[in-house]
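# My questions concern the predicted model and sequence given below.
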Amino acid sequence: MKRILSIAIAALLAAAALTGCAETTAPTTAADGGKISVVATIFPPYDFTRAIAGDKADISMLLLPGAETHSFEPTPRDVLKIQNCDVFIYAGGESDDWVKGILDGVDTSKMKIITLMDCVEAVEEEVVEGMQGEEEAEEPTEGGEEEPEYDEHVWTSPRNAKLIAQKISDTLCQADAANAETYRANTMAYLAQLDELDATFQAVADNAARKTIVFGDRFPFRYFADAYGLDYFAAFPGCATETEASPATVKFLIDKINAENIPVIFHIEMSNEKMANTISEATGAKVLLLHACHNISQADFSSGKTYIDLMSANVDALKEALN
């Protein structure tokens, strides 16, 4: 598998070089006296950056709105964007295995790189009772032992989002000192919004009638659940590739909802909701979205929805689920 990935990356780099030859002008970066160029692989760091940088930076997101997050494959144009940017931001989890090969193949000497998982205390992916884990055999490491798989969805906790936003701010100030004062001022305002969001979630958890949430879907909210002392049950871990749960998993979730009179079954964004609807029909639980912000629909992206907007909508959904 690693050999196939290496071959694919080599082909991408070669294609990017050819694409670069076809470009009439090179991108303008901070080094040329233009705006600083920031490339983020996914929505959360893209949105954090635009809140901090405003119009002082050219910010782009590689993952197209509405696309499946865990099967992203970069194009030659994506490689060019990475190669020519001043700041590159990626999550760093299993979904980003392709990143290392790209970075190894381009000149990163003038590029600042942020890995979201390095901004926080990462935790291992967790398989809880009833959850259907990956059935594919893991590729053994050279020592014969499996490497721990860490949960990459670090931004789902507003407390982690603060740490990530601060790292982005510090990096922008280093890369573009001329606009550092603006970045710092915007960061202070943004961190205040995240503090307010955090306090709101904490109040919901503190005043809740129960502490358990159930997902008929993947569960990318490990950091969120840990932050607010919530227990959870779900069909799959957050980075699972499956979308169809076993009958045993579906039965377990149905029994759990019935036994504890849980009023809501959650699904995440970009889900077909099939499993959640099946569980709802069997239990009477209401189907609600809890948005993980890993990606955003084209409609929400076009309307300017932000991480704060999406997470604020989660407040009401969580309140209904816990009461």
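Structure's in. What do you need? Numbering: from 1, shown residues only.
# And the spatially closest residue to residue 115 that is not a sequence neighbour, how close does it get to residue 227?
Nearest non-adjacent residue to residue 115, counting by Cβ to Cβ, 6 or more residues apart in numbering: residue 92, 3.9 Å away. From N, CA and C alone the C-beta is placed, and that goes for glycine too. For residue 92, the distance to residue 227 (Cβ to Cβ, to the nearest Å) stands at 20 Å.
# just residue 110 next, same as before
The gap separating residue 110 from residue 227 is 36 Å, by Cβ to Cβ.
# Looking at these two, which is more packed in?
residue 227 (18 against 11; other Cβ atoms under 10 Å).
# Can you tell me the closest non-neighbouring residue to residue 96?
Spatial nearest neighbour of residue 96, excluding adjacent residues (Cβ to Cβ, 6+ apart): residue 90 at 5.1 Å.
# Next up, phi/psi of residue 71, please.
The phi/psi pair for residue 71 (degrees, to the nearest 10) reads phi -120, psi 30.
# Please apply the same query to residue 318.
In terms of degrees, to the nearest 10, the main-chain angles of residue 318 are phi -70, psi -40.
# got the contact list for it?
Shown in contact with residue 318 (Cβ atoms under 8 Å, 6 or more residues apart in numbering): 201, 204, 205, 213, 290.
# and the third one, what pLDDT?
To tie it back to what came earlier, the one meant is residue 205. At residue 205, the pLDDT value in this model is 98.
# thought it was touching residue 226?
No - in this structure, residue 205 is not within contact of residue 226 by Cβ atoms under 8 Å, at 11.5 Å.
# where are the low-confidence patches of the chain?
Residue ranges of the chain with pLDDT under 70: 1-33, 133-146, 243.
# re the thing from before, please identify which pair of the contacts of residue 318 lies farthest apart.
205 and 290 (13.7 Å; Cβ to Cβ).
# returning to that earlier point: tell me which element the residue nearest to residue 115 falls in.
Residue 92 belongs to no helix or strand when assigned by DSSP states H and E.
# Same question for the one 5 residues further on.
Counting by DSSP H and E, the secondary-structure element that holds residue 97 is helix 97-105.
# Now that helix: buried residues?
Neighbour counts over helix 97-105 (16 or more other Cβ atoms under 10 Å) mark 98, 99, 101, 102, 103, 105 as buried.
# wait, which of these is closest to residue 151?
Nearest to residue 151 among the buried residues of helix 97-105: residue 99, at 17.2 Å, using Cβ to Cβ.
# Near residue 229, how many residues? Count them for me, please.
Neighbour count for residue 229, taken as other Cβ under 10 Å: 11.
# again, but for residue 79
When neighbours are counted by other Cβ under 10 Å, residue 79 registers 24.
# just checking, the residue nearest to residue 115 touches residue 153?
No - using Cβ under 8 Å, residue 92 is not in contact with residue 153; the gap is 11.2 Å.
# Comparing those two, which shows the higher neighbour count?
Taking other Cβ under 10 Å, residue 92 and residue 153 do not tie; residue 153 has more neighbours (27 against 21).
# quick one, what contacts the nearest residue to the more buried one once chain neighbours are set aside?
Computed as Cβ to Cβ, 6+ apart, the closest residue to residue 153 that is not its neighbour in sequence is residue 220, at 3.9 Å. By Cβ under 8 Å, 6+ apart, the residues touching residue 220 are 151, 153, 156, 238, 239, 268, 292, 294.
# circling back to that earlier point, which ones are touching the residue nearest to residue 115?
Residues in contact with residue 92 (Cβ under 8 Å, 6+ apart) are 99, 115, 116, 117, 118, 152.
# hang on, the third one packs against residue 88?
No - no contact is recorded between residue 116 and residue 88 when judged using Cβ under 8 Å, the distance being 11.7 Å.
# More neighbours: which of those two?
Remark: of residue 116 and residue 88, residue 116 carries more neighbours, 29 against 25, as counted by other Cβ under 10 Å.
# can you give me phi and psi for the more buried one?
Per-residue torsions, residue 116: phi -60, psi -40 (degrees, to the nearest 10).
# again, but for the one 3 residues further on
According to degrees, to the nearest 10, the main-chain angles of residue 119 amount to phi -90, psi -10.
# re earlier: please say which of residue 205 and residue 290 ends up with more neighbours.
More crowded of residue 205 and residue 290, by other Cβ under 10 Å: residue 290, with 24 against 17.
# The more buried one contacts residue 276, correct?
No - using Cβ under 8 Å, residue 290 is not in contact with residue 276, being 10.7 Å away.
# Now for those two: what residues contact both?
Shared contacts of residue 290 and residue 276, defined by Cβ under 8 Å, 6+ apart, are found at 215, 266, 267.
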